[in-house]
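Q: A predicted structure for the sequence below; I have some questions about it.
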Amino acid sequence: MFRFDDVRLEPGEFRQLREMFNQHCGLTFGPESKSIVERRLRDRLAALGLSSFADYYHYLRFDDQGRHELDEAIDLVTINETYFFRESYQLRALKDEILPAFRAPPQSRERLSVWSAGCSTGEEVYSIAIASRESGLFPGRAVRVFGSDISRRCVAHARRAVYGPSAFRAIPHELRRRYFTDRADGAHVVEDLRSMCQFGHLNLLDVPRSSVVGRVDVIFCRNVLIYFDEASRRRVIDSFYERLLPGGYLLLGHSESLLNLSTAFELVHLKDDLVYRKPLSSTRFWSIAAPPRGPSSPPAGAGSLAPVSPLGNPSAPSPSQAEAVTSPTSLAALTGKLPRIPR
Ligand SMILES: C[S@@+](CC[C@H](N)C(=O)[O-])C[C@H]1O[C@@H](n2cnc3c(N)ncnc32)[C@H](O)[C@@H]1O
(Lines give C-alpha, C1' and ligand atoms only; values in the text may rest on other atoms or scores of the structure.)
Protein backbone atom coordinates (compact mmCIF):
# COMPACT_ATOMS: atom_id res chain seq x y z
CA MET A 1 0.00 0.00 0.00
CA PHE A 2 1.20 3.54 -0.83
CA ARG A 3 2.45 5.54 2.18
CA PHE A 4 3.42 9.22 2.00
CA ASP A 5 6.04 8.58 4.69
CA ASP A 6 7.92 6.45 2.20
CA VAL A 7 8.17 9.15 -0.47
CA ARG A 8 11.82 10.19 -0.93
CA LEU A 9 13.14 13.49 -2.21
CA GLU A 10 15.49 12.44 -5.02
CA PRO A 11 18.67 14.51 -5.63
CA GLY A 12 17.35 15.84 -8.97
CA GLU A 13 14.05 16.87 -7.38
CA PHE A 14 15.90 18.57 -4.52
CA ARG A 15 17.97 20.52 -7.06
CA GLN A 16 14.84 21.71 -8.87
CA LEU A 17 13.03 22.73 -5.69
CA ARG A 18 15.98 24.55 -4.17
CA GLU A 19 16.57 26.49 -7.41
CA MET A 20 12.94 27.53 -7.44
CA PHE A 21 13.05 28.61 -3.77
CA ASN A 22 16.30 30.47 -4.35
CA GLN A 23 14.93 32.40 -7.31
CA HIS A 24 11.77 33.25 -5.44
CA CYS A 25 13.20 34.48 -2.16
CA GLY A 26 17.01 34.30 -2.15
CA LEU A 27 17.31 31.40 0.29
CA THR A 28 20.03 28.84 -0.41
CA PHE A 29 19.79 25.20 0.63
CA GLY A 30 22.96 23.13 0.88
CA PRO A 31 23.03 19.33 0.59
CA GLU A 32 22.69 19.08 4.38
CA SER A 33 19.18 20.60 4.11
CA LYS A 34 17.82 17.84 1.87
CA SER A 35 16.38 15.66 4.61
CA ILE A 36 14.82 18.66 6.38
CA VAL A 37 13.18 19.85 3.15
CA GLU A 38 11.96 16.31 2.52
CA ARG A 39 10.48 16.00 6.00
CA ARG A 40 8.86 19.41 6.04
CA LEU A 41 7.29 19.22 2.58
CA ARG A 42 6.04 15.65 2.77
CA ASP A 43 2.81 16.74 4.46
CA ARG A 44 2.12 19.00 1.50
CA LEU A 45 2.28 16.02 -0.85
CA ALA A 46 -0.24 14.27 1.37
CA ALA A 47 -2.49 17.36 1.54
CA LEU A 48 -2.46 17.71 -2.26
CA GLY A 49 -2.68 13.96 -2.99
CA LEU A 50 0.62 13.92 -4.92
CA SER A 51 2.76 10.81 -4.96
CA SER A 52 6.23 12.26 -5.66
CA PHE A 53 8.28 15.42 -5.21
CA ALA A 54 8.55 15.61 -9.01
CA ASP A 55 4.75 15.97 -9.08
CA TYR A 56 4.98 18.59 -6.34
CA TYR A 57 7.53 20.60 -8.34
CA HIS A 58 5.27 20.37 -11.37
CA TYR A 59 2.32 21.57 -9.27
CA LEU A 60 4.33 24.54 -7.98
CA ARG A 61 5.35 25.50 -11.51
CA PHE A 62 2.25 24.93 -13.55
CA ASP A 63 -0.89 24.62 -11.43
CA ASP A 64 -3.19 27.64 -11.03
CA GLN A 65 -2.69 27.29 -7.28
CA GLY A 66 1.09 26.95 -7.65
CA ARG A 67 1.84 30.51 -6.55
CA HIS A 68 -0.20 30.08 -3.40
CA GLU A 69 1.43 26.71 -2.72
CA LEU A 70 4.87 28.27 -3.08
CA ASP A 71 4.02 30.53 -0.13
CA GLU A 72 3.08 27.42 1.87
CA ALA A 73 6.31 25.68 0.93
CA ILE A 74 8.49 28.69 1.78
CA ASP A 75 6.67 29.02 5.07
CA LEU A 76 7.64 25.44 5.89
CA VAL A 77 11.30 25.59 4.89
CA THR A 78 12.30 28.93 6.48
CA ILE A 79 14.13 29.10 9.78
CA ASN A 80 12.13 31.29 12.14
CA GLU A 81 14.21 31.12 15.33
CA THR A 82 13.91 34.35 17.33
CA TYR A 83 13.32 35.66 20.87
CA PHE A 84 12.95 38.95 22.76
CA PHE A 85 16.16 40.93 23.18
CA ARG A 86 18.18 38.61 20.95
CA GLU A 87 21.63 40.18 20.50
CA SER A 88 20.69 42.64 23.20
CA TYR A 89 23.85 44.73 22.71
CA GLN A 90 22.21 46.03 19.51
CA LEU A 91 19.08 47.09 21.33
CA ARG A 92 21.32 48.82 23.86
CA ALA A 93 23.07 50.55 20.97
CA LEU A 94 19.69 51.65 19.62
CA LYS A 95 18.56 53.02 22.97
CA ASP A 96 21.80 54.61 24.17
CA GLU A 97 23.45 55.82 20.96
CA ILE A 98 21.31 55.68 17.82
CA LEU A 99 18.10 57.21 19.19
CA PRO A 100 19.98 60.02 20.97
CA ALA A 101 21.80 60.75 17.67
CA PHE A 102 18.43 61.28 15.98
CA ARG A 103 17.28 63.68 18.72
CA ALA A 104 20.44 65.78 18.47
CA PRO A 105 21.26 68.28 15.68
CA PRO A 106 21.58 68.11 12.72
CA GLN A 107 18.68 65.63 12.65
CA SER A 108 16.64 66.73 15.71
CA ARG A 109 13.88 64.29 14.81
CA GLU A 110 10.65 64.05 16.80
CA ARG A 111 9.26 60.99 15.06
CA LEU A 112 11.00 57.89 13.78
CA SER A 113 10.19 54.91 11.59
CA VAL A 114 11.94 51.60 12.09
CA TRP A 115 11.67 48.56 9.80
CA SER A 116 12.40 45.08 11.08
CA ALA A 117 12.94 43.14 7.83
CA GLY A 118 12.56 39.39 8.35
CA CYS A 119 10.96 39.80 11.78
CA SER A 120 9.73 36.21 12.13
CA THR A 121 7.08 36.02 14.88
CA GLY A 122 7.56 39.63 16.00
CA GLU A 123 9.82 39.44 19.04
CA GLU A 124 12.38 41.71 17.35
CA VAL A 125 9.73 44.31 16.56
CA TYR A 126 8.42 44.48 20.12
CA SER A 127 11.99 44.52 21.48
CA ILE A 128 12.73 47.58 19.31
CA ALA A 129 9.53 49.23 20.54
CA ILE A 130 10.51 48.50 24.15
CA ALA A 131 14.04 49.88 23.66
CA SER A 132 12.55 53.04 22.13
CA ARG A 133 10.15 53.49 25.04
CA GLU A 134 12.92 52.87 27.55
CA SER A 135 15.08 55.56 25.96
CA GLY A 136 12.54 58.16 27.10
CA LEU A 137 13.42 60.19 24.00
CA PHE A 138 10.42 59.36 21.82
CA PRO A 139 7.28 59.13 23.96
CA GLY A 140 3.90 57.72 22.95
CA ARG A 141 3.79 56.58 19.37
CA ALA A 142 6.58 58.83 18.14
CA VAL A 143 8.42 55.69 17.09
CA ARG A 144 6.58 53.40 14.69
CA VAL A 145 7.98 49.94 14.07
CA PHE A 146 7.05 47.98 11.01
CA GLY A 147 7.80 44.24 10.91
CA SER A 148 7.73 42.17 7.73
CA ASP A 149 8.33 38.54 6.94
CA ILE A 150 7.84 36.15 4.04
CA SER A 151 6.11 33.65 6.33
CA ARG A 152 2.39 34.34 6.64
CA ARG A 153 2.21 32.10 9.69
CA CYS A 154 4.90 34.23 11.40
CA VAL A 155 3.16 37.49 10.50
CA ALA A 156 -0.12 36.19 11.95
CA HIS A 157 1.68 35.21 15.16
CA ALA A 158 3.36 38.62 15.37
CA ARG A 159 0.03 40.40 15.01
CA ARG A 160 -1.49 38.27 17.72
CA ALA A 161 1.35 39.27 20.08
CA VAL A 162 1.01 36.35 22.50
CA TYR A 163 4.17 34.47 23.50
CA GLY A 164 5.29 31.37 25.36
CA PRO A 165 8.18 31.01 27.83
CA SER A 166 10.95 30.33 25.27
CA ALA A 167 10.50 33.80 23.76
CA PHE A 168 11.59 35.32 27.08
CA ARG A 169 14.96 33.62 27.50
CA ALA A 170 16.96 36.86 27.14
CA ILE A 171 14.71 39.77 28.15
CA PRO A 172 15.47 41.47 31.48
CA HIS A 173 12.89 40.49 34.09
CA GLU A 174 11.86 44.09 34.74
CA LEU A 175 11.02 44.69 31.05
CA ARG A 176 9.02 41.49 30.86
CA ARG A 177 6.99 42.63 33.85
CA ARG A 178 6.43 46.11 32.43
CA TYR A 179 5.43 45.27 28.86
CA PHE A 180 3.58 41.93 29.09
CA THR A 181 0.45 40.66 30.78
CA ASP A 182 0.25 36.98 31.71
CA ARG A 183 -2.96 35.19 30.73
CA ALA A 184 -3.97 31.55 30.39
CA ASP A 185 -2.86 31.35 26.73
CA GLY A 186 0.52 33.07 27.20
CA ALA A 187 2.13 36.45 27.81
CA HIS A 188 0.38 39.26 25.89
CA VAL A 189 2.20 42.36 24.70
CA VAL A 190 0.56 45.35 26.41
CA GLU A 191 -1.74 47.31 24.13
CA ASP A 192 0.21 50.53 24.47
CA LEU A 193 3.31 48.88 22.97
CA ARG A 194 1.35 46.91 20.42
CA SER A 195 -0.12 50.11 19.04
CA MET A 196 3.38 51.26 18.00
CA CYS A 197 3.86 48.19 15.80
CA GLN A 198 2.50 47.00 12.46
CA PHE A 199 3.18 43.86 10.46
CA GLY A 200 3.00 42.81 6.84
CA HIS A 201 3.78 39.91 4.54
CA LEU A 202 6.72 40.83 2.32
CA ASN A 203 9.32 38.99 0.28
CA LEU A 204 12.53 41.03 0.56
CA LEU A 205 13.47 40.03 -2.98
CA ASP A 206 10.31 41.67 -4.25
CA VAL A 207 12.01 45.04 -4.41
CA PRO A 208 9.17 47.01 -6.09
CA ARG A 209 6.79 45.85 -3.38
CA SER A 210 9.29 46.76 -0.64
CA SER A 211 8.78 50.36 -1.65
CA VAL A 212 5.41 50.40 0.11
CA VAL A 213 7.37 50.39 3.38
CA GLY A 214 8.14 54.04 2.58
CA ARG A 215 11.33 55.74 3.85
CA VAL A 216 12.59 54.74 7.26
CA ASP A 217 15.21 55.91 9.76
CA VAL A 218 16.46 52.53 10.94
CA ILE A 219 16.42 49.05 9.43
CA PHE A 220 17.06 45.91 11.43
CA CYS A 221 17.73 42.89 9.24
CA ARG A 222 19.28 40.32 11.52
CA ASN A 223 19.87 36.64 10.87
CA VAL A 224 18.06 36.77 7.53
CA LEU A 225 20.66 37.47 4.85
CA ILE A 226 22.98 34.73 6.14
CA TYR A 227 20.65 32.28 4.42
CA PHE A 228 20.76 34.15 1.06
CA ASP A 229 23.12 33.78 -1.90
CA GLU A 230 25.38 36.75 -2.56
CA ALA A 231 23.49 38.21 -5.53
CA SER A 232 20.23 38.23 -3.55
CA ARG A 233 21.97 39.77 -0.57
CA ARG A 234 23.30 42.54 -2.75
CA ARG A 235 19.87 43.20 -4.20
CA VAL A 236 18.28 43.43 -0.77
CA ILE A 237 21.04 45.67 0.58
CA ASP A 238 20.59 48.03 -2.40
CA SER A 239 16.88 48.19 -1.66
CA PHE A 240 17.62 48.94 2.02
CA TYR A 241 19.82 51.83 0.92
CA GLU A 242 16.94 53.12 -1.14
CA ARG A 243 14.45 52.74 1.75
CA LEU A 244 16.66 54.53 4.28
CA LEU A 245 16.53 58.26 4.82
CA PRO A 246 19.89 60.03 4.64
CA GLY A 247 21.51 59.58 8.07
CA GLY A 248 19.52 56.36 8.61
CA TYR A 249 21.04 53.23 10.17
CA LEU A 250 21.21 49.60 9.09
CA LEU A 251 21.76 46.92 11.74
CA LEU A 252 22.68 43.40 10.66
CA GLY A 253 23.11 40.26 12.77
CA HIS A 254 26.39 39.69 14.62
CA SER A 255 27.78 37.31 11.96
CA GLU A 256 26.73 39.47 9.00
CA SER A 257 28.51 42.33 7.27
CA LEU A 258 28.42 44.35 4.07
CA LEU A 259 31.89 43.17 3.10
CA ASN A 260 31.99 42.44 -0.65
CA LEU A 261 28.49 43.83 -1.16
CA SER A 262 27.50 46.90 -3.17
CA THR A 263 27.01 49.71 -0.76
CA ALA A 264 27.57 53.33 0.01
CA PHE A 265 27.03 52.86 3.71
CA GLU A 266 29.38 54.39 6.26
CA LEU A 267 30.65 52.06 8.93
CA VAL A 268 29.87 53.53 12.35
CA HIS A 269 31.72 52.34 15.45
CA LEU A 270 29.44 52.40 18.47
CA LYS A 271 30.46 51.41 22.00
CA ASP A 272 29.57 47.73 21.64
CA ASP A 273 28.60 47.40 18.01
CA LEU A 274 29.47 48.17 14.41
CA VAL A 275 26.53 49.48 12.41
CA TYR A 276 26.04 50.99 8.94
CA ARG A 277 24.70 54.43 8.11
CA LYS A 278 23.51 56.05 4.92
CA PRO A 279 25.51 59.29 4.68
CA LEU A 280 23.51 62.40 5.49
CA SER A 281 24.64 63.96 2.24
CA SER A 282 24.00 60.87 0.12
CA THR A 283 22.64 61.35 -3.37
CA ARG A 284 24.22 58.34 -5.07
CA PHE A 285 24.36 54.60 -5.06
CA TRP A 286 27.66 52.78 -5.05
CA SER A 287 28.63 49.42 -6.38
CA ILE A 288 31.66 47.28 -5.73
CA ALA A 289 31.67 46.42 -9.43
CA ALA A 290 33.85 49.38 -10.42
CA PRO A 291 37.06 50.72 -8.77
CA PRO A 292 36.94 53.68 -6.36
CA ARG A 293 37.44 57.13 -7.81
CA GLY A 294 39.45 59.94 -6.28
CA PRO A 295 38.35 62.06 -3.34
CA SER A 296 34.72 61.02 -3.47
CA SER A 297 35.62 57.46 -2.51
CA PRO A 298 33.50 56.12 0.34
CA PRO A 299 34.85 55.69 3.85
CA ALA A 300 37.06 52.83 4.98
CA GLY A 301 35.11 49.72 5.83
CA ALA A 302 32.55 50.25 3.10
CA GLY A 303 34.56 48.35 0.48
CA SER A 304 35.93 49.54 -2.85
CA LEU A 305 32.99 51.33 -4.28
CA ALA A 306 32.05 53.38 -7.31
CA PRO A 307 28.80 55.19 -8.06
CA VAL A 308 26.00 53.45 -9.87
CA SER A 309 22.26 53.92 -9.71
CA PRO A 310 19.91 50.98 -9.64
CA LEU A 311 17.22 53.53 -10.42
CA GLY A 312 18.98 54.72 -13.57
CA ASN A 313 19.24 58.30 -12.29
CA PRO A 314 22.46 58.73 -10.32
CA SER A 315 22.06 62.43 -9.79
CA ALA A 316 18.54 62.26 -8.39
CA PRO A 317 18.31 64.09 -5.07
CA SER A 318 17.66 62.17 -1.89
CA PRO A 319 14.05 62.28 -0.80
CA SER A 320 13.15 65.15 1.46
CA GLN A 321 12.45 64.17 5.00
CA ALA A 322 8.94 65.57 4.64
CA GLU A 323 7.95 63.02 1.98
CA ALA A 324 10.10 60.34 3.45
CA VAL A 325 8.26 59.22 6.55
CA THR A 326 6.75 55.76 6.24
CA SER A 327 3.30 56.34 4.89
CA PRO A 328 0.33 54.79 6.69
CA THR A 329 -1.43 54.52 3.32
CA SER A 330 1.31 52.47 1.74
CA LEU A 331 1.72 50.38 4.87
CA ALA A 332 -1.99 49.66 4.76
CA ALA A 333 -1.41 48.16 1.32
CA LEU A 334 1.11 45.77 2.85
CA THR A 335 -0.73 45.02 6.02
CA GLY A 336 -3.86 44.39 3.96
CA LYS A 337 -5.88 47.08 5.79
CA LEU A 338 -6.70 44.37 8.26
CA PRO A 339 -8.29 45.33 11.51
CA ARG A 340 -6.30 44.30 14.57
CA ILE A 341 -6.52 40.56 15.07
CA PRO A 342 -8.57 39.98 18.22
CA ARG A 343 -6.82 37.83 20.79
C1 LIG B 1 16.07 33.39 11.77
S2 LIG B 1 14.69 34.44 11.53
C3 LIG B 1 15.33 35.96 12.19
C4 LIG B 1 14.29 36.72 12.98
C5 LIG B 1 14.80 37.99 13.64
N6 LIG B 1 15.24 38.95 12.65
C7 LIG B 1 15.88 37.69 14.62
O8 LIG B 1 17.07 37.97 14.35
O9 LIG B 1 15.59 37.16 15.69
C10 LIG B 1 14.76 34.72 9.75
C11 LIG B 1 13.43 35.18 9.16
O12 LIG B 1 13.67 35.67 7.85
C13 LIG B 1 12.53 35.35 7.07
N14 LIG B 1 12.89 35.38 5.64
C15 LIG B 1 13.65 34.52 4.95
N16 LIG B 1 13.69 34.87 3.65
C17 LIG B 1 12.94 35.99 3.52
C18 LIG B 1 12.59 36.81 2.41
N19 LIG B 1 13.03 36.57 1.17
N20 LIG B 1 11.80 37.87 2.64
C21 LIG B 1 11.34 38.13 3.90
N22 LIG B 1 11.63 37.38 4.98
C23 LIG B 1 12.43 36.32 4.79
C24 LIG B 1 12.14 33.97 7.56
O25 LIG B 1 10.79 33.66 7.28
C26 LIG B 1 12.43 34.07 9.05
O27 LIG B 1 11.28 34.35 9.79
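A: That came through, no problem.
Q: what's next to stretch 227-234, contact-wise?
A: Residues outside stretch 227-234 that contact it (CB atoms under 8 Å, 6 or more residues apart in numbering) are Asn22, Cys25, Gly26, Leu27, Thr28, Ile79, Leu205, Leu225, Val236, Asn260, Leu261, Ser262. C-beta here means a position set from N, CA and C on the backbone, and glycine is covered the same way.
Q: switch to 6 Å and redo it
A: Applying CB atoms under 6 Å, 6 or more residues apart in numbering, the contact partners of stretch 227-234 are Gly26, Leu27, Thr28, Leu205, Leu225, Leu261, Ser262.
Q: Determine which two of the residues you listed are furthest apart.
A: Farthest pair in the contacts of stretch 227-234 (CB to CB) is Leu27 and Ser262. Separation: 20.1 Å.
Q: tell me, which of the contacts of stretch 227-234 make contact with the ligand?
A: Gly26, Leu27, Leu205 (CB under 6 Å from any ligand atom).
Q: And for the closest residue to the last one other than its chain neighbours, the neighbour number?
A: For Leu205, ignoring the flanking residues on the chain, the nearest one in space by CB to CB, 6 or more residues apart in numbering is Gly26 at 5.0 Å. Look at Gly26: counted by other CB atoms under 10 Å, it has 22 neighbours.
Q: List the contacts of Gly26.
A: Leu205, Phe228, Ser232.
Q: in this structure, which spans are strands?
A: Counting by DSSP state E, the segments of the chain that form strands are 112-117, 143-149, 162-163, 180-183, 186-189, 197-201, 216-221, 244-252, 266-269, 274-277, 286-287, 306-307.
Q: which other helices and strands contact the longest one?
A: Contact here means 3 or more CB pairs under 6 Å, 6 or more residues apart in numbering; DSSP states H and E; on that basis strand 244-252 packs against strand 216-221, strand 274-277.
Q: ok, residues contacting it?
A: Contacts to strand 244-252, defined as CB under 6 Å, 6+ apart, come from residues 90, 98, 107, 215, 217-220, 240, 275-278, 280, 282, 318, 324.
Q: repeat that for 8 Å
A: So strand 244-252 is contacted by 90, 93-94, 98, 102, 107, 215-222, 225, 240, 258, 265, 268, 273, 275-282, 318-319, 321, 324 (CB under 8 Å, 6+ apart).
Q: one step back: need the strands of the chain in TSV (columns: distance to Asp63).
A: Converted to TSV, those look like this (distance: least, CB to CB, whole Å):
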stretch	distance to Asp63
strand 112-117	30
strand 143-149	25
strand 162-163	35
strand 180-183	42
strand 186-189	37
strand 197-201	21
strand 216-221	33
strand 244-252	37
strand 266-269	47
strand 274-277	42
strand 286-287	39
strand 306-307	44
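Q: Of all those, which one is nearest the ligand?
A: strand 143-149 (4.8 Å; CB to the nearest ligand atom).
Q: Provide the strand pairings for the closest one, with the direction of each partner.
A: Here strand 143-149 is paired, per DSSP bridges, with strand 112-117 (parallel), strand 197-201 (parallel).
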